[in-house]
Every structure is written in structure tokens, then in C-alpha cells.
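Participant: quick check, what structure comes out for this input:
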Amino acid sequence: MMDGWRKEDPPTEKKLPVEADVPEFLADMGRQAQATPLQQAVGDLALIAFYYLLRIGEYTGKPSKNDTKQTEQFKLQDVTFFRRDSQGMLRQ
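Facilitator: Numbers count the residues shown, from 1 in each chain. The predicted model follows:
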């Protein structure tokens, strides 16, 4: 049975990983004086996502307590955005 699945599943395609210079470049672009708010947000989020997702296993729990080592995938519901109110306090 497993041999049949191996034949149907194509081999993985090797790709180079994204290195730290890519998200750091995006963050630098967002910090430039002429950067738009969108560019600032993209730069900040690229840097946060890159370093956060490096350690995804430490931040996401298992769906149940069983013997598997697989962690739960990172989802949109795991992200929370905050903004500052008129008094400078962070609010959701």
C-alpha cells in the first residue's frame, strides 16, 4: 500500500531557504524617510513573521495530548493587531 503512495507522490523539489537578509532588507525599506505606511507595515511584519515562525514549535500547541510530535499550524487567528488610543495606550 505504501509503495503505491510513493509512486503517486512526486519527489520534493529542493529550494533555497529565505535567509535573514531578505526580511531585514524589507524592514530597512520600511524605515526610510519616504516610506509609505504600507511599506512600513510590510517591513515590520516581514521581520516579525520571519523570526517568529523560525520557532513555531515553541509558540503553537498540539491539538491534543497524544504521542505525536506534530505541532498545530500557524493560523490567522493566532495574530492580534493593536493600535494606540488618544492617550497612547495599546488597544485591540
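Participant: all strands of the chain, in order?
Facilitator: 83-84, 90-91 (DSSP state E).
Participant: redo these as JSON lines? Include mean neighbour count, mean pLDDT and distance to A33.
Facilitator: All C-beta atoms are positioned from the backbone trio N, CA, C, and that covers glycine. Output for the strands of the chain, formatted as JSON lines (neighbours: other C-beta atoms under 10 Å; pLDDT from 0 to 100; distance: least, C-beta to C-beta, whole Å):
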{"stretch": "strand 83-84", "mean neighbour count": "8", "mean pLDDT": "84", "distance to A33": "21"}
{"stretch": "strand 90-91", "mean neighbour count": "8", "mean pLDDT": "80", "distance to A33": "25"}
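Participant: adding distance to Y52, write those out as JSON lines.
Facilitator: Converted to JSON lines, the strands of the chain look like this (distance: least, C-beta to C-beta, whole Å):
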{"stretch": "strand 83-84", "distance to Y52": "20"}
{"stretch": "strand 90-91", "distance to Y52": "18"}
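Participant: now do the contacts for Q32.
Facilitator: Q39 (C-beta atoms under 8 Å, 6 or more residues apart in numbering).
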